[in-house]
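A.B. asks: Make a model of this:
(one chain, ligands or ions: 1)
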Amino acid sequence: MNPITLYPGNWLYNAGVVGFLRVIAEHEGLEYVQSWLRDDGTVAIEQNVFQDLFSPVSVGSKSVPKALKYFVEYFCDPERLNEWLDSKDTKGEQTREKYRNFAQEMEDFGYKFIYVGNHLFASRQPFQNLVQIKEWQDFEFCRVLESIPQNLQTTSRASSGRTCDICGSSLIQYPGREPKLEKRLAKFQHTHFTVLGPSEGAFPNSFWNGNSSLWVCPLCVYFMLHRDFAFINLADNSNLADGSRIFLNAPSFQVMWYLNRLVREIYTRENIASVREILGMSLIELAVRLETQLGMWTEMNIEVVSIRGEEVSFCSLPYEVVQLLLDRRIASSLARIGEISVLRMVLEKRFGEILEMGERLMMIAAKPEKSWGKSERKYINSQIGLERNRKDEVKLMGFAASLFSLHALIEERMGGGWR
Ligand SMILES: [Zn+2]
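C.D. replies: Coordinates of the predicted model:
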């Protein structure tokens, strides 16, 4: 049987799928999920694996689909869960008491299950009323999810002329088991996406087809719920602490998977001042670290999607710059240099300044460190952040030389003409 194949689409869908992959990887391991990523940019999941993910697993005396169990576990932050359990409603009833019957039936998972339902679908939550609280608590949504693999096999284009407006698949239909809920899920309303609500009318047509609602298959609805897991929170960085969240979008799930992992890593390590720099650095790391041939990826449009409050914005690098950063020799050179000032010159295509900087530093490095003047030191300090690059005349000379070689590599690449 053919595997289930997911093709990259608009950024919302892509973020949903990447979030889904993160959840599965958390429980089944990185390699498990990475084996689904194909070089052609798709995700391919074997039928039996897919079926297993959406099969019910018992939790106490109840059952939920395996993938949803993973989702709930992933969603719950123990500290926040406890705070919530200790909180009281307006009538003074403690949450822990209120939902005790779920804990009795499903052990601790019962509380988590209710917590997640409330934090996704209650008022002022990201998917307000998409699933009603009662439907969630009656496991109606679980039953819809469990029907996905079976529907994949039994329905076909012939059975209905309808295609999903997000993934384009016509194979997954709603089984009609929970008609009211399914009707709401299938007609995805703007109000179900509070983050995008205010952008109605202005939002790119790549997602909204101009109607007030889309037809969405249950699998896409499920992926959507994972969207926030793909976003990287920038709130903790002193330079970018404006509360925005970012996701690196590309027309390949493989690229998105590795790029977003790199961004998380770089972000916690470096002092980055702009989203553009995050993108630049992650491309460099991608080029240096991945063994895969990057040739085809350099043709791709890679963009950063930032969500700040209710505002969604996009940032991408010029095509030439992406080509440079994904050239392994240039990327390695930049990684060795390690200076944000130099990276900025590349990002802003100020290539001549790399050469000028090299020349000026070489003049300074021609003299012993002890005889460097005040303005020379000032210049060095303003341009070079790393001690290893500026410690003495020998280090500085080496650094200047690496600037020349970087410039030569860039010239060579650009002189070769853009493909
Ligand atoms: Zn779909």
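A.B. asks: Get me the contact residues on the stretch 51-200 of the chain for the ion.
C.D. replies: 164, 166-167 (Cβ under 5 Å from the ion). Where you see a C-beta, it was placed from the backbone N, CA and C, and this is true even at glycine.
A.B. asks: do that again at 8 Å, thanks
C.D. replies: Contact residues, the stretch 51-200 of the chain versus the ion (Cβ under 8 Å from the ion): 164-169, 172.
A.B. asks: Could you single out the nearest of the residues you listed to residue 61?
C.D. replies: residue 172 (29.5 Å; Cβ to Cβ).
A.B. asks: quick one on the thing from earlier: which among the residues of the stretch 51-200 of the chain next to the ion end up buried?
C.D. replies: 164-167, 169, 172 (16 or more other Cβ atoms under 10 Å).
A.B. asks: per-residue confidence for the residue in the chain sticking out farthest from the centre?
C.D. replies: What lies farthest from the middle of the chain is residue 371; by Cα atoms, centre = their mean that is 49.9 Å. Here the pLDDT value assigned to residue 371 is 93.
A.B. asks: so how far is the ion from it?
C.D. replies: Here residue 371 is placed at a distance of 69 Å from the ion (Cβ to the ion, to the nearest Å).
A.B. asks: got it, and residue 284?
C.D. replies: Applying Cβ to the ion, one obtains 35 Å for the distance of residue 284 from the ion.
A.B. asks: And whichever helix in the chain runs longest, what does it pack against?
C.D. replies: For the chain, the longest helix by residue count, based on DSSP state H, is helix 393-415. Helix 393-415 sits against helix 319-325, helix 328-337, helix 340-347, helix 351-365, helix 387-390, with contacts defined as 3 or more Cβ pairs under 8 Å, 6 or more residues apart in numbering; DSSP states H and E.
A.B. asks: right, and these - which one's nearest the ion?
C.D. replies: Nearest of the helices and strands packed on helix 393-415 to the ion, taken as Cβ to the ion: helix 319-325 at 29.5 Å.
A.B. asks: And that closest one, how far out from the chain middle?
C.D. replies: 21 Å (Cα atoms, centre = their mean, to the nearest Å).
A.B. asks: So what touches that helix?
C.D. replies: 280, 283-284, 287, 298, 300, 302, 317, 330-331, 334, 346-347, 349, 410, 413-414, 418 (Cβ atoms under 8 Å, 6 or more residues apart in numbering).
A.B. asks: rerun that using 7 Å as the cut-off
C.D. replies: 280, 283-284, 287, 298, 302, 330-331, 346-347, 349, 410, 413, 418 (Cβ atoms under 7 Å, 6 or more residues apart in numbering).
A.B. asks: before we move on, what about stretch 374-384?
C.D. replies: Applying Cβ under 7 Å, 6+ apart, the set of residues contacting stretch 374-384 from outside is 339, 341, 357, 364, 390, 399.
A.B. asks: next one: stretch 23-41
C.D. replies: For stretch 23-41, the external contacting residues (Cβ under 7 Å, 6+ apart) are 8, 21, 43-45, 70-71, 74, 226, 229, 251-254, 257.
A.B. asks: ok, back up a step: any idea which of the helices and strands packed on helix 393-415 scores lowest on pLDDT?
C.D. replies: Among the helices and strands packed on helix 393-415, helix 319-325 scores lowest, at a mean of 88.
A.B. asks: Can you give me the distance of the closest residue to residue 67 other than its chain neighbours to residue 107?
C.D. replies: The spatially closest residue to residue 67, leaving aside those adjacent along the chain, is residue 53, at 4.4 Å (Cβ to Cβ, 6 or more residues apart in numbering). Using Cβ to Cβ, to the nearest Å, residue 53 is found at 22 Å from residue 107.
A.B. asks: Please identify which of the two sits among more neighbours.
C.D. replies: residue 53 (20 against 13; other Cβ atoms under 10 Å).
A.B. asks: hang on, that one packs against residue 64?
C.D. replies: No. Here residue 53 lies out of contact with residue 64, judged by Cβ atoms under 7 Å, at a distance of 11.9 Å.
A.B. asks: Excluding sequence neighbours, find me the nearest residue to residue 253.
C.D. replies: Here the residue nearest residue 253, using Cβ to Cβ, 6+ apart, is residue 43, at 4.9 Å.
A.B. asks: Run a quick check on the one you found versus residue 6, I expect a contact.
C.D. replies: Yes. In this structure residue 43 lies within contact range of residue 6 using Cβ under 7 Å: 4.2 Å.
A.B. asks: which neighbours do the two share?
C.D. replies: residue 17.
A.B. asks: Just want to know which of these two has more residues nearby.
C.D. replies: Neighbours were counted for residue 43 and for residue 6 using other Cβ under 10 Å; residue 6 has more, 25 against 22.
A.B. asks: Next one, pLDDT for that one please.
C.D. replies: Residue 6 is given a pLDDT of 94.
A.B. asks: Could you pull up phi and psi at residue 12?
C.D. replies: Per-residue torsions, residue 12: phi -70, psi -50 (degrees, to the nearest 10).
A.B. asks: how close does it get to residue 316?
C.D. replies: 17 Å.
A.B. asks: When those two are compared, which one has more neighbours?
C.D. replies: residue 12 (24 against 16).
A.B. asks: was I right about that one contacting residue 227?
C.D. replies: Yes. The pair residue 12 / residue 227 is scored as a contact, 6.4 Å apart, by Cβ under 7 Å.
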